[in-house]
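[1] Okay, here's the prediction I keep looking at, along with the sequence it came from:
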Amino acid sequence: MEFTTQTFNNIKVNGIQTKKFKTNRLQISFANKLSRKSAPVRALLPYILKAKTAKYQTRALLNEYLEELYATHLNVGVKKVGLAHFITFDYSYIQKQYTIDNVDLTAKIMTLLNEILHNALFDEKTFLEEKRLMRDYFKDLYANKTRYSIVRLYEIMYDNELYQVPPLGTLEDLENVSYQDVIDEYHSMINHDQKMINFVGDFDSLNLQELISQNLSLKSTILSLTLIDQQPHQKREVRFIKEKQRVNQAKLAIGFRINAYYNTHSYYIAIVLNMLLGGSAESLLFKD
């Protein structure tokens, strides 16, 4: 297994070269500063882009083409890293030695990604459909008490802080999103977001760079993003918040603020501590 990092045209390309898998994974991320106003807009955007393009004008046509590419899987979504907001497009596809004609699908995947990014077919019907699906997600959140308790924990722990903003935003913020907001955010993403490409599988780094240059049109951007929030925070007294609902099993969510930052020795200690006290099957709370 070999790790590689390249930068060209101000775009970082991270690679893990390995022959352990039968599939390759290609991910492109668009990152910008986290904000309460833009979070729900950016959360809708990748799903709208994935729905249809100028060449594949229905969801069915786009999915049929993915099936032709040996059932290539395309997953889109958003995530929060520190005080940065990421939109991701994630492809998983088989390596060429497992295709019938020994076809390398990487160039085809990048061409399709370029089609999705630059030949998007926006319409208000798709916008309203995706907005309804996200609204349903937020409403269903209350029924999942485990997820609901974690969301409430974040709201309480990070009140009056930007980090409180979830990667999908909130239901209240979603209701204020307009069709034009999505169009404007799309142009901002293409023109101003920091781009990053991650690749895992069997590849040649020089060939990968050539494929990206030939098949992907990405604008160069450099942003100052806060990926690790190291700002000092004032210590506060311990707070105990109790909500009563009609449930069969109570949920306990505990949050601690400690100075354990990523890529430091304390970070890994905190991970072990979280496993011991957290909600996983390895937690001491589940042991006799």
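    Thanks, I have the structure now.
[2] Quick check: which ranges of the stretch 101-250 of the chain have low pLDDT?
    The stretch 101-250 of the chain contains residues with pLDDT under 70 at 232.
[3] Spell out the secondary structure type for the nearest residue to Pro167 once chain neighbours are set aside.
    Ranked by C-beta to C-beta, 6 or more residues apart in numbering and with sequence neighbours excluded, the top spatial neighbour of Pro167 is Lys80, at 4.2 Å. Any C-beta I mention is one placed from the backbone N, CA and C, and that applies to glycine too. Under DSSP: H, G, I helix; E, B strand; the rest coil, the three-state class of Lys80 is strand.
[4] and Lys80, what is it in contact with?
    Taking C-beta atoms under 8 Å, 6 or more residues apart in numbering, we find Lys80 in contact with Leu34, Phe86, Val165, Pro166, Pro167.
[5] show me the residues around the fourth one that make contact.
    By that I understand Pro166. Taking C-beta under 8 Å, 6+ apart, we find Pro166 in contact with Ala39, Lys80, Val151, Tyr154.
[6] In those, which residue is surrounded by the most others?
    Of all the contacts of Pro166, the highest neighbour tally under other C-beta atoms under 10 Å goes to Ala39, namely 21 neighbours.
[7] Could you measure from the closest residue to it other than its chain neighbours over to Leu113?
    Distance criterion C-beta to C-beta, 6+ apart; nearest residue to Ala39, sequence neighbours excluded, is Gly169 at 3.8 Å. The gap separating Gly169 from Leu113 is 25 Å, by C-beta to C-beta, to the nearest Å.
[8] quick one, which of those two is more surrounded?
    Set Gly169 next to Leu113 and count neighbours by other C-beta under 10 Å: Gly169 wins out with 25 against 18.
[9] before we move on, the earlier item: quick check on the residue nearest to Ala39: phi, psi?
    phi 80, psi -160 (degrees, to the nearest 10).
[10] related to what we said a few turns ago, report the beta-bridge partners for the residue nearest to Pro167.
    Counting by DSSP bridges, Lys80 is bridged to His85.
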